[in-house]
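Chemist: 3D, please:
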Amino acid sequence: MKPFSALLALTLLLAAPLRADENVTHFADTDPAMNAAIDQAQDTLPLFVRNAFDGDRLASPDALVKVAFEVGTDWVEVIWVEQLGKTGPNWIGSLANDPFYMDGLAYGDPVAFTTGQIFDWAYYVGNRAYGSYTTRVILEGLDTEARAQVRATLSDRPLPPGW
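Modeler: All right, here's what the predicted structure looks like:
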């Protein structure tokens, strides 16, 4: 079993990208709350694609996905990706924050991945983030100030009305 490192992408909330050593939260691959959040995000991913993409190819600039990238035999790094494009199961995008474990990659670098690597999605309507299932789990481990800041950007429910 591989532990995974989930980066809490506060870059969604702040003007500047995070440094790689900030806001890294580690979860075991057996964590029930995180696994339930990933399952919910993956189950609703088709709704996200239907609503966030123009003809299944290019996503709205308000759309992001959280992707698991292998960084060795024992770890994956889970990080937000923006500027999304899609053809079938193949996706492309740009890293939405600096990775911690992905040597040679930085904020804004292009990446390619498949649908199976997606652990979460986020879609902004106004200043509220829908989706963000894993972020909702990570909230409980944050200090009071950070939790309030992140919670202020999250929608009350993960799915936008009408999805």
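Chemist: G85 and F53: what is the separation?
Modeler: When CB to CB, to the nearest Å is applied, the distance between G85 and F53 equals 9 Å. Any C-beta I mention is one placed from the backbone N, CA and C, and that applies to glycine too.
Chemist: so what sits against both of the two?
Modeler: Between them, G85 and F53 have A59 as joint contacts when contacts are counted by CB atoms under 8 Å, 6 or more residues apart in numbering.
Chemist: need the phi and psi values for P161.
Modeler: phi -60, psi 140 (degrees, to the nearest 10).
Chemist: and it, how far is that from W80?
Modeler: P161 sits 24 Å away from W80 when distances are taken as CB to CB.
Chemist: which residues of this protein fall in helices?
Modeler: With DSSP state H, the ranges of helices along the chain come out as 32-52, 133-138, 144-151.
Chemist: so which of these is the most packed in?
Modeler: helix 133-138 (a mean of 23; mean count of other CB atoms under 10 Å).
Chemist: how near is the residue nearest to R128 when sequence neighbours are not counted to E77?
Modeler: Ranked by CB to CB, 6 or more residues apart in numbering and with sequence neighbours excluded, the top spatial neighbour of R128 is S155, at 4.4 Å. Relative to E77, S155 is positioned 26 Å away (criterion: CB to CB).
Chemist: identify the residues contacting stretch 129-140?
Modeler: For stretch 129-140, the surrounding residues in contact (CB under 8 Å, 6+ apart) are 6, 8-9, 12, 25, 33-34, 37-38, 40-41, 44, 48, 66, 78, 119-124, 147, 150-151, 153-155, 157-160.
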